[in-house]
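Peer 1: can't give you the sequence, but here's the structure:
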């Protein structure tokens, strides 16, 4: 990946620092693990959930704690995370409201959910 993307991810992750209380971050659908790497560089205890078995194996080989399966199957405790990230994920799940409820449950009060979705009117569409 180009250096400028790593730099941009570091900038984004730096913006999350005000939400750090327990120092736990979770990325749902972490793919190649670039955001997990940025979180780790910033000192977060980062872990991920991913449905792709090969992505989980790759994440674990990079030293990340990773759960293979759906978010609800991971059975995290209430209020476990300061930060939950879901990048370009919600448009792929059959019931986005269910996953958002689960994110709310596992986020600590005052924590941050940072999610992105594609813009159907944007240049990339």
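Peer 2: Perfect, I can see it now. Not measured: the values here are computed from a predicted model.

Peer 1: Give the closest residue to residue 106 in space, chain neighbours not counted.
Peer 2: Spatial nearest neighbour of residue 106, excluding adjacent residues (Cβ to Cβ, 6 or more residues apart in numbering): residue 76 at 4.4 Å. Yep, even glycine has a C-beta here, placed from its N, CA and C like the rest.

Peer 1: The one you found sits in which helix or strand?
Peer 2: Following DSSP states H and E, there is no helix or strand that holds residue 76.

Peer 1: thinking it is in contact with residue 26, fair?
Peer 2: Yes - between residue 76 and residue 26 there is a contact under Cβ atoms under 8 Å: 7.5 Å.

Peer 1: Quickly list what's touching both of these two.
Peer 2: residue 106 (Cβ atoms under 8 Å, 6 or more residues apart in numbering).

Peer 1: element containing the spatially most central residue of the chain, please.
Peer 2: The C-alpha lying nearest the average C-alpha coordinate of the chain belongs to residue 27 (Cα atoms, centre = their mean; 1.7 Å). Element membership of residue 27, judged by DSSP H and E, is strand 24-28.

Peer 1: Tell me which residues of whichever helix or strand comes after that strand come out buried.
Peer 2: Scanning forward in sequence from strand 24-28 by DSSP H and E, the next helix or strand is helix 34-41. Neighbour counts using 16 or more other Cβ atoms under 10 Å place 35, 36, 37, 38, 39, 40 of helix 34-41 among the buried residues.

Peer 1: now stretch 47-67
Peer 2: Across stretch 47-67, burial judged by 16+ other Cβ under 10 Å covers 47, 48, 49, 50, 51, 55, 56, 58, 59, 64, 66, 67.

Peer 1: sorry, back to before: which among the buried residues of helix 34-41 gets closest to residue 10?
Peer 2: Sorting those by how near they are to residue 10, with Cβ to Cβ, puts residue 38 at the top with 5.4 Å.

Peer 1: This completes my enquiry, with thanks.
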